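> quick one, structure for this:
(2 chains)
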Amino acid sequence: MECLLEQEVDTVFGYPGGTILNLYDELYRYQDKIHHVLTAHEQGASHAADGYARSTGKVGVCFATSGPGATNLTTGIATAYLDSSPVVFITCNVGENFLGKDSFQEVDTTGIAMPITKATFLVRDAQTIPDVMRQAFAVAANGRPGPVLIDFLKNVTAADQMIDYEFIPWRQNRGCDSIRALASTQLKNPEPNQEDVNTLLDMIAQAKRPLLICGGGVVRGKADREFREFAEKLDAPVAITVMGGGGFPGGHPLTTGMIGMHGSRASNVACDECDLLIAVGCRFSDRVALDPATFAQQAKIVQIDIDRAEIDKNVLTDHHIIGSAKQVLRMLNDRMPQYQHTVWKEHILPLRAPSVAEDSPVLTPQQVLEVIRTKAPEDAIVATDVGQHQMWAIKYLHFSYPGQLLTSGGFGTMGFGLGAAIGAQMGNPDKRVIHVTGDGCFRMNCHELCTVEHYGLPIITVIFDNGTLGMVRQWQSLIYGQRYSETTLDRGPDFVKLAEAYGLKGYRATTRAEMEDVFAQALACGTGAVIDCRLNIDEMVRPMVAAGSPITDFLLN
Amino acid sequence: MKQTISVLVENRAGVLNRITSLFSRRAFNIDSLAVGVTDDPTLSRITIIVDSGNSVVEQVEKQLNKLIEVIKVRTLDESSLIGRELMIIKVSANKNTREQIMTICNICGAKVADISPTSMTMELSDTPDRVSVFEDMMRPYNILEVARTGVIALQKGAGKI
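Numbering: from 1, shown residues only, chains lettered A, B, ... in the order given. Okay, the predicted model is just below:
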């Protein structure tokens, strides 16, 4: 507990159990200093700790017990891993005497978490607790952030364990033994090379058609201000990846929107025709660089990333700078003159689709999002699940600061949204949190509504209810000859009644006017609310490029 | 093309698991892996033979460097490394074939570790190629059992990892 206080942790998420009893017993005594949020399922707790971390920039903390408690965290850990989110997962395992004997609720937690964490620690000796705690937080938060798992054996957490301990606040712990034991490469951000920066500046001077990509690294590194200055000096179109949302203002005149599989025409054409591509904090995932061989084929590709292993992993680069986005961009901005690329911009920017929803008697996804965009507070945090609604939300809503958009981009976890929204609301009590989800995703983790109600969180859940697993259905329509295998979700529950059963407000909307009305009511009602928006089953996300195709090979326009 | 990677790691429980799990996650092919403690009891050296192109080996190195238990990673220069592998091999042998087997052992530098009326067990420590040659020479005599350790290697000269 003291180690958690060293790290200035004031909120943890979790679910108790047999082996973690000692920790929870101690937590009872720390109630006034550390607030614990009890969720309905460990998975909800894992997503909540993740959403908390993404929206506050602090390290999230999640507790779970051994065996099934720990395995229930697995999806949440992998979600945090693929999106580089700093979360420390603390589990307990059976006592030393019971280890390795197939005991009750025993499983090899560190073994299971190994491929999906930055580091795992198994604590068998109470004296190592402060070292492990400090190292875990340092590893989670530094360099490229990521999840860390600590597994304590139950006997180690017993009350009778006495150790030598000195409270060292984390901001001052660089010199202490625990931290010095870690290789310095784990703690310091790599120092960007001035030569590399100068080379890039030369390349920029030569380029006539530059394109900038704002990736997740800009958001995680809180480099939005530096990125904006760089983009405006470069006077180039800016494509924003799914994880980059919030790194560059979505309503800025230079932005061309998403890039890749559901990227806008403007972004994808710009990518294909540019002569210099600068990707900041972007790992060229297979959803962006669909076909690495033809990706940005006319351009010199430059990658700026904090993780050396990402350079040349998916796409071969012509130049790269290793360092944190903030530092590299600052070094670039220091020497960069103002450029004008009017002709190129006039070629690309008009390709952006108009962003006003069409009039339609039936409620459309774009109308729903327009209502949210115009009526919700500008700094409202948006947590999404995965699928068509996710793509629409990122397309039509505008994100202006890091941590405003919480979405599972790398792992694509359905059911992430509600837990993440809970974490975000706990970490940002002064902001509104809107949870955008689909009927399929919502059914996966809707039981967390009881957590929403219990802690009085005024989260508004907007369900894009089209009665189907939308994104999969879209693929089945376009590529699988309309063989809708197991994607039609013509089944309950009645979401309005479900919300009310959990003690929250439930609303339904089938037209734009209804949506405007109920959204205003939901904003004002003072508690959590669920809005069931009925949409047409065959709505598609446009445009779309099939996996593995050249980026301008639009399957759907 | 076979490449030899030498990794210096903390001698901690679970480290080997983490390294091999990294390899399987990223679908890197390991030909062989040998691990042992160094003169510093807190450190172990793992020697891995990877059969892949240069870009894959580069990724392997970068991914290994991200692990917190890894101190140093180095791909050894194939032309200037000392690589050795130990093999113990048991073949059928009777009074007719024993002499021929002994001749081959003497040529290859293998030592006899065990003998019985119907078999002979030999051990050989040499470069992996020469160990394979010896194994091939034993094949006509009916190999009963073979155990190989995998290659360990150090770079020639005075430098160290």
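> do you know how far A:His347 is from chain B?
To chain B, A:His347 is 35 Å away according to C-beta to the nearest C-beta, to the nearest Å. All C-beta atoms are positioned from the backbone trio N, CA, C, and that covers glycine.
> so what pLDDT did that residue get?
As predicted, A:His347 sits at a pLDDT of 95.
> same deal with the one 4 residues further on?
Per-residue confidence at A:Leu351 stands at 91 (pLDDT).
> now the stretch 301-450 of chain A against chain B: closest residue?
A:Ala309 (3.8 Å; C-beta to the nearest C-beta).
> that residue belongs to a helix?
Yes: membership of A:Ala309 in a helix is supported by DSSP: H, G, I helix; E, B strand; the rest coil.
> so what's it closest to, chain neighbours aside?
B:Lys62 (3.8 Å; C-beta to C-beta, 6 or more residues apart in numbering or on different chains).
> what helix or strand is that neighbour on?
Using DSSP states H and E, the element containing B:Lys62 is helix B:54-66.
> buried ones in that helix?
Across helix B:54-66, burial judged by 16 or more other C-beta atoms under 10 Å in any protein chain shown covers B:Val56, B:Val57, B:Glu58, B:Gln59, B:Val60, B:Glu61, B:Lys62, B:Gln63, B:Leu64, B:Asn65, B:Lys66.
> need the residues of chain B near chain A, please.
Residues of chain B lying close to chain A by C-beta under 8 Å from any C-beta of the partner chain are B:13-14, B:17-18, B:21-22, B:25, B:55, B:58-59, B:62-63, B:65-68, B:71.
> for the stretch 51-200 of chain A, what spans make up the strands?
A:60-64, A:87-93, A:119-123, A:148-153 (DSSP state E, counting those that start in this stretch).
> thinking again about what came up before, just name the closest of the buried residues of helix B:54-66 to chain A, please.
For the buried residues of helix B:54-66, the nearest to chain A is B:Lys62 (3.8 Å; C-beta to the nearest C-beta).
> returning to that earlier point: mind putting the strands of the stretch 51-200 of chain A into CSV with mean pLDDT, mean neighbour count and distance to B:Val7?
Below are the strands of the stretch 51-200 of chain A laid out as CSV (pLDDT from 0 to 100; neighbours: other C-beta atoms under 10 Å in any protein chain shown; distance: least, C-beta to C-beta, whole Å):
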stretch, mean pLDDT, mean neighbour count, distance to B:Val7
strand A:60-64, 97, 29, 32
strand A:87-93, 97, 29, 27
strand A:119-123, 94, 23, 16
strand A:148-153, 96, 25, 22
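> mind putting the ones you listed in JSON lines, distance to chain B included?
As requested, those are exported to JSON lines (distance: least, C-beta to the nearest C-beta, whole Å):
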{"stretch": "strand A:60-64", "distance to chain B": "19"}
{"stretch": "strand A:87-93", "distance to chain B": "13"}
{"stretch": "strand A:119-123", "distance to chain B": "5"}
{"stretch": "strand A:148-153", "distance to chain B": "9"}
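> what's the burial count for residue 53?
Went with chain A since none was named. 31 (other C-beta atoms under 10 Å in any protein chain shown).
> that was the other one, I meant chain B.
10.
> specify the beta-bridge partners of residue 121.
Looking at chain A here, since you left the chain open. A:Phe121 has these beta-bridge partners by DSSP bridges: A:Ile150.
> you answered for a different chain; I wanted chain B.
Going by DSSP bridges, B:Thr121 forms beta bridges with B:Lys90, B:Asp114.
> and which of the buried residues of helix B:54-66 is nearest to A:Ala159?
B:Lys66 (37.3 Å; C-beta to C-beta).
> tell me who's in contact with the closest one.
A:Lys118, A:Asp307, A:Ala309 (C-beta atoms under 8 Å, 6 or more residues apart in numbering or on different chains).
> just the buried residues of helix B:54-66 now: which is nearest A:Arg265?
Among the buried residues of helix B:54-66, B:Gln59 lies closest to A:Arg265 (C-beta to C-beta), at 33.4 Å.
> list the residues that contact the closest residue to that closest one other than its chain neighbours.
Leaving out its chain neighbours, the residue that sits closest to B:Gln59 by C-beta to C-beta, 6+ apart is A:Lys313, at 6.2 Å. A:Lys313 sits next to A:Arg283, A:Phe284, B:Gln59 when contact means C-beta under 8 Å, 6+ apart.
> report how many residues lie close to the second one.
Using other C-beta under 10 Å, the number of residues around A:Phe284 comes to 27.
> pLDDT score assigned to it?
96.
> I'd say it and A:Asn314 touch.
Yes: with contact defined as C-beta atoms under 8 Å, A:Phe284 reaches A:Asn314; the gap is 4.3 Å.
> mutual contacts of those two, please.
A:Pro292.
> and the contacts of stretch B:137-155?
Applying C-beta under 8 Å, 6+ apart, the set of residues contacting stretch B:137-155 is B:4, B:6, B:32-34, B:36, B:45, B:47, B:49, B:74, B:76-77, B:80-93, B:97, B:100-101, B:104, B:108, B:119, B:122, B:128, B:131, B:135, B:161.
> actually, stretch A:464-480.
Taking C-beta under 8 Å, 6+ apart as the rule, stretch A:464-480 contacts A:365, A:368, A:386-389, A:391-392, A:436-440, A:482-490, A:495, A:532-541, A:544, A:546, A:555-556.
> now stretch A:490-510
A:362-363, A:368, A:439, A:442-443, A:446, A:449-450, A:452-453, A:461, A:463, A:465, A:467, A:514-515, A:517-519, A:521-522, A:525, A:527-534.
> out of those, which end up buried?
Applying 16+ other C-beta under 10 Å to the contacts of stretch A:490-510 flags A:363, A:368, A:439, A:442-443, A:446, A:449-450, A:452-453, A:461, A:463, A:465, A:467, A:514-515, A:518-519, A:522, A:527-534 as buried.
> among those, which lie within helices?
Of the buried ones among the contacts of stretch A:490-510, the ones assigned to helices by DSSP state H are A:368, A:439, A:442-443, A:449-450, A:452-453, A:514-515, A:518-519, A:522.
> any idea how far chain B is from the residue lying closest to A:Val218 once chain neighbours are set aside?
The spatially closest residue to A:Val218, leaving aside those adjacent along the chain, is A:Gly247, at 3.4 Å (C-beta to C-beta, 6+ apart). A:Gly247 is 23 Å from chain B, where distance means C-beta to the nearest C-beta.
> which pLDDT value belongs to A:Gly247?
96.
> burial measure for it, as a count.
Count around A:Gly247 with other C-beta under 10 Å applied: 33.
> my guess is it contacts A:Arg225, does it?
No: between A:Gly247 and A:Arg225 there is no contact under C-beta under 8 Å: 10.2 Å.
> the helices in chain B, which residues?
Taking DSSP H to define them, one finds helices in chain B at B:15-25, B:54-66, B:98-108, B:128-138.
> bridging residues for the residue nearest to B:Val37 when sequence neighbours are not counted?
Nearest residue to B:Val37 in three dimensions, chain neighbours excluded: B:Ser44, at 5.2 Å (C-beta to C-beta, 6+ apart). B:Ser44 has these beta-bridge partners by DSSP bridges: B:Val9, B:Val37.
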